[in-house]
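Undergrad: Sequence plus the predicted model coming up.
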Number of protein chains: 2
Amino acid sequence: MKKRTRLVFSGSGGQGVITAAIILAEAAVIHEGMNATQSQSYGAAARGGSTRSDIILSHNEINYPGVIQPNILICLTQEAYNSFAPIIRPGGTMLTDSRYVKQAKKNDAKQFDLPMYQEVMDQIGKPIVFNICVLGTLVGITGLIKPKSLLAAIKDRVPPDFVEMNTKAFEIGLEMGAEHSMR
Amino acid sequence: MKKRTRLVFSGSGGQGVITAAIILAEAAVIHEGMNATQSQSYGAAARGGSTRSDIILSHNEINYPGVIQPNILICLTQEAYNSFAPIIRPGGTMLTDSRYVKQAKKNDAKQFDLPMYQEVMDQIGKPIVFNICVLGTLVGITGLIKPKSLLAAIKDRVPPDFVEMNTKAFEIGLEMGAEHSMR
């Protein structure tokens, strides 16, 4: 990946959005030698239940850590989708979960609406790894970073007893995303 | 607290610096109605082992989520101290852990060098809650936000089985900090 990636990852408080964002940034920096910023701006949205985390990945220096127009937008709740869909960059990539979000009529974005939550519940039965499945799907669709870099970052950050479950959730997402690969 | 607080929380990868920063930001936003940003810029420092998280707390809007000159600087490793001590705002507040950091001769800052890690190990025996003890110490020294707001944020984010241990770590820090209160 040569270009700068500006990503917004959004959802509700308990969905692990911030953790997923941190793992993605750490995978890019520690395991692929890139630069990254990862930030949250909290305010009325946090009190209302929406969480938004901004990530920038680049091979060059990054000056400003916030994202104005994401070229990748992930929304895990309808409220987050309603809030943030308008800011996506034209031609950008939108990933939503089909249980939680109903996408509006097509706009100028590549839209992916996939049953990530459902697959996690069917195959693992633990909603706690939903966020990691989303990361897997993102990597499968975009090829943003190597799967093994993300798996290494998961191992760095997740308690040892949970690595296996997180790895499985990641692989479920990776496979689902690969079926819709943009590469 | 009326003024804008610009805080840099630094240390090494495994010390829970980012988690502590997120808990502090969430406490201020969700439980005290403030605005907050919390960000990480990763690059060579992350690969070398230093972690830095920037937090801004304000009653007003916050435009830029990074911190240039912190008025509060926390350093949990010597490497983080050596990197970031030069950026503290004149007259700012510096908090370091006496096991990990040897502060240089006095500079133009209020310097607090406290045995947080040692107290956690003596009283709890689990290094995993060191970061929460540091948060308690910070609140005890500065009165930045109410202890009960921070405890509520800990409960929101920590798994149920670990709330008691985290609460104890917070209280150890709070007491130590209160002995050095700036209020």
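TA: Good, I have the coordinates.
Undergrad: For the residue of chain A found nearest chain B, what are phi and psi?
TA: Closest to chain B within chain A is A:Ser39: 3.3 Å, counting by Cβ to the nearest Cβ. All C-beta spots, glycine's among them, are computed from the backbone N, C-alpha and C. The phi/psi pair for A:Ser39 (degrees, to the nearest 10) reads phi -150, psi 150.
Undergrad: Check A:Asp161 too.
TA: According to degrees, to the nearest 10, A:Asp161 has phi -70, psi -20.
Undergrad: about what we covered before: wait, doesn't the residue of chain A closest to chain B sit right on A:Asp54?
TA: Yes - A:Ser39 is within contact range of A:Asp54, at 5.0 Å (criterion: Cβ atoms under 8 Å).
Undergrad: what about A:Gln103, how many residues close to it?
TA: 17 (other Cβ atoms under 10 Å in any protein chain shown).
Undergrad: Let me know whether it touches A:Tyr81 as I believe.
TA: Yes - under the criterion of Cβ under 8 Å, A:Gln103 makes contact with A:Tyr81 at 7.1 Å.
Undergrad: what is in contact with those two at once?
TA: Jointly contacting A:Gln103 and A:Tyr81 under the rule Cβ atoms under 8 Å, 6 or more residues apart in numbering or on different chains are A:Thr96.
Undergrad: Quick check: closest non-adjacent residue to A:Cys75.
TA: Distance criterion Cβ to Cβ, 6 or more residues apart in numbering or on different chains; nearest residue to A:Cys75, sequence neighbours excluded, is A:Tyr81 at 3.9 Å.
Undergrad: if we can go back for a sec, intersection of neighbour lists for A:Ser39 and A:Asp54?
TA: With Cβ under 8 Å, 6+ apart as the test, A:Ser39 and A:Asp54 both reach A:Pro65, A:Gly66.
Undergrad: and whichever strand or helix holds A:Lys110, how far out from the chain's middle?
TA: Using DSSP states H and E, A:Lys110 sits within strand A:109-114. The chain centre lies 13 Å from the centre of strand A:109-114; the measure is Cα atoms, centre = their mean, to the nearest Å.
Undergrad: likewise stretch A:17-27?
TA: Here stretch A:17-27 is found 8 Å from its chain centre; the criterion is Cα atoms, centre = their mean.
Undergrad: likewise stretch A:58-73?
TA: 14 Å.
Undergrad: Would you mind listing what in chain A touches chain B?
TA: Counting by Cβ under 8 Å from any Cβ of the partner chain, chain A comes close to chain B at A:13, A:18, A:22, A:25-26, A:28-30, A:33, A:35-43, A:46-47, A:61-62, A:64-66, A:156.
Undergrad: Any stretches of chain A with poor pLDDT?
TA: For chain A, the stretches flagged by pLDDT under 70 are A:1-2, A:45-46, A:48, A:106.
Undergrad: all strands in it, in order from the N-terminus.
TA: A:5-12, A:35-42, A:50-58, A:72-75, A:92-97, A:109-114 (DSSP state E).
Undergrad: For the residue nearest to A:Ile128 when sequence neighbours are not counted, grab phi and psi.
TA: Using Cβ to Cβ, 6+ apart and skipping residues adjacent in sequence, the residue nearest A:Ile128 is A:Gly16, 7.2 Å away. For A:Gly16, the backbone dihedrals (degrees, to the nearest 10) come out as phi 80, psi 30.
Undergrad: Give me the neighbour count for A:Gly16.
TA: Considering only other Cβ under 10 Å, A:Gly16 is surrounded by 22 other residues.
Undergrad: Tell me where chain A has helices.
TA: A:17-32, A:44-48, A:78-84, A:116-123, A:130-142, A:147-157, A:163-178 (DSSP state H).
Undergrad: Now do the first one: everything it contacts.
TA: Residues lying outside helix A:17-32 but in contact with it, judged by Cβ under 8 Å, 6+ apart, are A:7, A:9-11, A:34-38, A:40, A:51-55, A:57, A:76, A:131-132, A:134-135, A:138, A:145-146, A:148-150, A:152-154, A:156-157, B:18, B:22, B:40, B:42-43, B:46-47.
Undergrad: how about 7 Å then?
TA: A:9-11, A:34-36, A:38, A:40, A:51, A:53, A:55, A:57, A:76, A:131-132, A:134-135, A:145-146, A:149-150, A:152-154, A:156-157, B:18, B:22, B:40, B:42-43, B:46-47 (Cβ atoms under 7 Å, 6 or more residues apart in numbering or on different chains).
Undergrad: Tell me how many other residues surround the residue lying closest to A:Ala152 once chain neighbours are set aside.
TA: If the residues on either side of it in the chain are set aside, A:Ala152 comes closest to A:His31, at 5.0 Å by Cβ to Cβ, 6+ apart. A count of nearby residues for A:His31, using other Cβ under 10 Å, gives 18.
Undergrad: before we move on, what about A:Lys3?
TA: 9.
Undergrad: Check A:Lys105 too.
TA: 5.
Undergrad: what residues are up against it?
TA: So A:Lys105 contacts nothing (Cβ under 7 Å, 6+ apart).
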